[in-house]
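Participant: The following block contains a protein sequence and its predicted model.
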Amino acid sequence: MSTHVAVEIATQPDCWRRATALVDEAAPRLPRPGERVAAVGCGTSWFVAQSYAWLREGRGQGVTDAFAASEFPGVRDYDRVVAITRSGTTSEVLDLLESVDVPTVAVTADAGTPVADAADELVVLDFADEVSVLQTRFATSALALLRASLGEDLAPAIADAATALAAPLRPDWTGAEQFTFLGRGWTVGLAHEAALKMREAAGAWAESYPAMDYRHGPISITAPGRVTWVLGPPPAGLAEDVAATGGTFVAAGLDPMANLVLAQRLAVHVAVTAGLDPDRPRHLTRSVILS
């Protein structure tokens, strides 16, 4: 089966290059060092917001929190709200942007949508927009832009993404009955996103946790024929603990965002093998628009 999402996944190295090239142009609209920031989104965009928040605060650039747009507390002293929204039409994001009285910026793929009126500023990644309902390259391109805005050199990540696109999908991955994705720090958001891709695309049994918390209960689900996949460096001893369960341990030595590309490819493969259409996951639409 030929799918739009497979093509979109394959374009990510180029999209990341284009996103990082926008940093100087986007910088005046993005948070400044020292500002207190809330990053918001829905679904995949929320997980990107989580990764960005951890990275920004970890680099000493200011307090940064991440929220699902529907759960924004609205009571904290923020200087700026960053909203991530591929479609620019998601109801919860628009409602939030229209309700806050601090400067707002939206990172979006489509400037011709209601978010252009709801946000004070826009950063547009139209080259990363997608035909597929399944979100892949827009999310990672937004994160590439945000990582670069914090001073990161994305060249190694882009090279690793090309490696991830060429890597074989091992039979013990493609034939697994269950997947657990783990992360630490900024990669916890990526772990949540990897698990979401497996659920959305393939209807697969997939879970996600902070890597250090995995041994506090979730490891009980691990067994032969099941995969534990770490995005980023694994905690000491974790590989041995997974091996003792008979499960398959995966820790590809790639930039965590490139590791996510590998997981995206796996999700699409599992979906197509099961006879599903990953471009149009069950019960999902490109944007949630509430009446």
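Facilitator: Alright, I've got the coordinates.

Participant: Work out for me the element the residue lying farthest from the centre of the chain sits within.
Facilitator: Centroid-distance maximum for the chain: residue 244 at 30.2 Å, with CA atoms, centre = their mean. Applying DSSP states H and E as the criterion places residue 244 in helix 238-245.

Participant: Confirm that residue 13 sits in a strand.
Facilitator: No - applying DSSP: H, G, I helix; E, B strand; the rest coil, one finds residue 13 to be helix, outside a strand.

Participant: so what's it up against?
Facilitator: With contact taken as CB atoms under 8 Å, 6 or more residues apart in numbering, residue 13 is in contact with 158-159, 161-162, 165. (C-beta placed from N, C-alpha, C; glycine too.)

Participant: before we move on, the earlier item: distance check, the residue farthest from the centre of the chain against residue 237.
Facilitator: Taking CB to CB, to the nearest Å as the measure, residue 244 falls 10 Å from residue 237.

Participant: Which parts of the stretch 1-150 of the chain are helices?
Facilitator: Along the stretch 1-150 of the chain, the stretches classed as helices by DSSP state H, counting those that start in this stretch are 4-10, 12-21, 23-26, 44-58, 91-99, 115-118, 137-149.

Participant: Tell me which of those sits most buried.
Facilitator: helix 137-149 (a mean of 27; mean count of other CB atoms under 10 Å).

Participant: domains for this protein, by residue range?
Facilitator: Following automatic domain parsing, the chain resolves into domains at 4-154, 156-273.

Participant: got CSV for these, with mean pLDDT and distance to residue 284 too?
Facilitator: Below are these laid out as CSV (pLDDT from 0 to 100; distance: least, CB to CB, whole Å):
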stretch, mean pLDDT, distance to residue 284
domain 4-154, 97, 5
domain 156-273, 97, 6
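
Participant: Nearest to residue 279, out of the ones you listed?
Facilitator: Closest to residue 279 of the domains of the chain is domain 4-154 (CB to CB; 4.3 Å).

Participant: Kindly state the pLDDT recorded for residue 1?
Facilitator: Per-residue confidence (pLDDT) for residue 1: 63.

Participant: Correction: the previous question concerned residue 290.
Facilitator: pLDDT, residue 290: 65.

Participant: and the residue nearest to residue 250 when sequence neighbours are not counted, which of the three is it?
Facilitator: Of all residues not flanking residue 250 in the chain, residue 229 sits nearest, at 4.2 Å (CB to CB, 6 or more residues apart in numbering). Secondary structure assignment for residue 229 (three-state DSSP): strand.

Participant: pretty sure residue 78 contacts residue 103?
Facilitator: No - if you go by CB atoms under 8 Å, residue 78 and residue 103 don't touch, sitting 9.4 Å apart.

Participant: Model confidence score at residue 279, please.
Facilitator: Residue 279 carries a pLDDT value of 89.

Participant: Report the contact partners of residue 97.
Facilitator: Neighbours of residue 97 in contact, by CB under 8 Å, 6+ apart: 81, 83, 104, 106, 115, 118-119.

Participant: try it again with 10 Å
Facilitator: 40, 69, 81, 83, 85, 104-106, 114-115, 117-120 (CB atoms under 10 Å, 6 or more residues apart in numbering).

Participant: buried subset of these?
Facilitator: Those of the contacts of residue 97 that meet the buried threshold are 40, 69, 81, 83, 85, 104-106, 114-115, 118-119, by 16 or more other CB atoms under 10 Å.

Participant: Now render the residues you listed as TSV, adding distance to residue 5.
Facilitator: As requested, those are arranged in TSV below (distance: CB to CB, whole Å):
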residue	distance to residue 5
40	25
69	24
81	30
83	24
85	19
104	30
105	28
106	24
114	25
115	23
118	28
119	27
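
Participant: Now, these that are in strands?
Facilitator: 40, 81, 83, 85, 104-106 (DSSP state E).

Participant: Going by distance to residue 153, which of those residues wins?
Facilitator: Checking those one by one against residue 153 (CB to CB), the nearest turns out to be residue 105, at 23.2 Å.

Participant: Surely the closest one is in contact with residue 31?
Facilitator: Yes - contact criterion CB atoms under 10 Å: residue 105 and residue 31 qualify, at 8.0 Å.

Participant: joint contacts of the two?
Facilitator: 37, 80-82.

Participant: Looking at these, state which has the most neighbours.
Facilitator: residue 82 (29 neighbours; other CB atoms under 10 Å).

Participant: All set now, cheers.
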